[in-house]
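J.: can't give you the sequence, but here's the structure:
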């Protein structure tokens, strides 16, 4: 393995380096991490390290070009590997996993925009995982008898979470002790698993509809945030800034929005005078309004734009669909203007009025 560690700056004195021992597929490597980076973190914090494997060892060890590792800093400021190495096809993927480590070290819940089955909303995410699945040909030291036949090999399907050891999710014994036959059966099983993984999920929708729904989910993000901004104006403003804000800022804004909307809070709020005055004003306004928060018609139109096919309907058809749901929709022209204001992406054929 190449001991290159892109996260360590050049020209660091040896006395300022801490050795970090890595294990991957029964082989090992040692990288050195700048001590000053470690001392910036608290004990029990996580540290991300990735290594580049040279071409010769990639072929010899059947390894990917890069392998990422999740490490833990002990109370003695030693670095310990957690779980197995995580294979990466390129350096960009390895760097993405380093950002995952940074996220895990943040003790503030993340506020994210979630989508599910025609619905969407802001949710807090306190924990998340990254994993990959794979198959391997496992060799037993001693043959086993399976239905009267000897077996020394099995095909194991496993799932590996970043920072954890692999978990076997399925095992199928191969009734042979011949290594060549086992290799052939393993290749056939691997091809079968890849073929099944490539199959689209069973559904009543056409392939064109599936592709449209999958490919257009991201195009609704702006519309979803416009709907949610009625109830969560501060949170949405912070989220629209993307990387310019810290997780703590977004979470504090979310707590203020929830309090203004409901008058309840599960955690204490730290407010300056301006925030206190604005929050008090919003709370009084929401108490006077009969309809507050998210507009149900806007929410239904955006949530069902692709999921329920509103994108393929005329304004009159959308109004009829909303009436069947007892939502008391306005006129067809008003619905057309709502869709336009929410910037919903049209997908109906040209020449037809939205």
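T.: That came in fine, so what should we check first? Quick caveat: nothing in here was measured; it's all calculated off a predicted structure.

J.: Surely residue 327 is in a helix?
T.: No. Assigned with DSSP: H, G, I helix; E, B strand; the rest coil, residue 327 falls outside any helix and is coil.

J.: neighbouring contacts of the top strand by length along the chain?
T.: Taking DSSP state E as the criterion, the chain has its longest strand at strand 131-146. For strand 131-146, the surrounding residues in contact (CB atoms under 8 Å, 6 or more residues apart in numbering) are 86-87, 150-162, 169, 171, 173, 175, 177, 182-183, 186, 189-190, 193. Yep, even glycine has a C-beta here, placed from its N, CA and C like the rest.

J.: ok, and for that strand, which residues are buried?
T.: Neighbour-count burial for strand 131-146, counted by 16 or more other CB atoms under 10 Å, picks out 135, 137, 138.

J.: got those as CSV, with pLDDT and distance to residue 260 columns?
T.: Below are the buried residues of strand 131-146 laid out as CSV (pLDDT from 0 to 100; distance: CB to CB, whole Å):
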residue, pLDDT, distance to residue 260
135, 86, 52
137, 88, 59
138, 90, 57
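
J.: any idea which of the residues you listed is closest to residue 234?
T.: Of all the buried residues of strand 131-146, residue 234 sits closest to residue 135, with 47.7 Å by CB to CB.

J.: Apart from its neighbours in sequence, what residue is nearest that closest one?
T.: Distances taken as CB to CB, 6 or more residues apart in numbering put residue 157 closest to residue 135, at 5.1 Å, once the chain neighbours are dropped.

J.: For residue 189, see how far away the most far-flung residue of the chain relative to its centre is.
T.: Taking CA atoms, centre = their mean, the residue of the chain most remote from its mean C-alpha position is residue 148, at 46.2 Å. Distance, residue 148 to residue 189, by CB to CB, to the nearest Å: 22 Å.

J.: Check which helices and strands the helix or strand residue 322 falls within is in contact with.
T.: Per DSSP states H and E, residue 322 falls inside helix 315-324. If contacts are counted by 3 or more CB pairs under 8 Å, 6 or more residues apart in numbering; DSSP states H and E, helix 315-324 sits against helix 296-307, helix 332-341.

J.: measure stretch 109-124 end to end?
T.: With CA to CA, to the nearest Å as the measure, stretch 109-124 spans 6 Å from end to end.

J.: swap in stretch 306-315?
T.: 15 Å.

J.: Residue 112 reaches residue 125, doesn't it?
T.: Yes. In terms of CB atoms under 8 Å, residue 112 counts as a neighbour of residue 125; the distance is 5.3 Å.

J.: who touches the residue lying closest to residue 302 once chain neighbours are set aside in this structure?
T.: Nearest residue to residue 302, sequence neighbours excluded (CB to CB, 6+ apart): residue 223, at 4.9 Å. By CB under 8 Å, 6+ apart, the contact set of residue 223 is 302, 305, 342, 343, 344.

J.: Could I get the contacting residues of the fourth one?
T.: In this case it means residue 343. By CB under 8 Å, 6+ apart, the contact list for residue 343 reads 222, 223, 226.

J.: For residue 144, see how far away it is.
T.: Following CB to CB, the distance that separates residue 343 from residue 144 is 62 Å.

J.: And residue 52, its phi and psi?
T.: phi -100, psi 130 (degrees, to the nearest 10).

J.: Next, count neighbours for it.
T.: Residue 52: 17 surrounding residues under other CB atoms under 10 Å.

J.: Kindly report the same for the one 3 residues further on.
T.: One way to gauge burial is a neighbour count; for residue 55, by other CB under 10 Å, it gives 9.

J.: repeat for residue 235
T.: Neighbours of residue 235 under the rule other CB under 10 Å: 25.

J.: wait, doesn't it sit right on residue 254?
T.: Yes. Between residue 235 and residue 254 a contact is recorded at 4.6 Å, counting by CB under 8 Å.

J.: which neighbours do these two share?
T.: Counting by CB under 8 Å, 6+ apart, the contacts common to residue 235 and residue 254 are 111, 122.

J.: which parts of the helix or strand containing residue 152 are buried?
T.: Take DSSP H and E as the rule and residue 152 turns out to sit in strand 149-161. Using 16+ other CB under 10 Å as the burial criterion, the residues of strand 149-161 that qualify are 151, 152, 153, 154, 155, 156, 157, 158, 160, 161.

J.: Could you dump the residues you listed into JSON lines and include distance to residue 249 and pLDDT?
T.: Converted to JSON lines, the buried residues of strand 149-161 look like this (distance: CB to CB, whole Å; pLDDT from 0 to 100):
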{"residue": "151", "distance to residue 249": "58", "pLDDT": "90"}
{"residue": "152", "distance to residue 249": "58", "pLDDT": "91"}
{"residue": "153", "distance to residue 249": "55", "pLDDT": "92"}
{"residue": "154", "distance to residue 249": "51", "pLDDT": "91"}
{"residue": "155", "distance to residue 249": "49", "pLDDT": "90"}
{"residue": "156", "distance to residue 249": "45", "pLDDT": "90"}
{"residue": "157", "distance to residue 249": "42", "pLDDT": "89"}
{"residue": "158", "distance to residue 249": "40", "pLDDT": "89"}
{"residue": "160", "distance to residue 249": "34", "pLDDT": "89"}
{"residue": "161", "distance to residue 249": "29", "pLDDT": "89"}
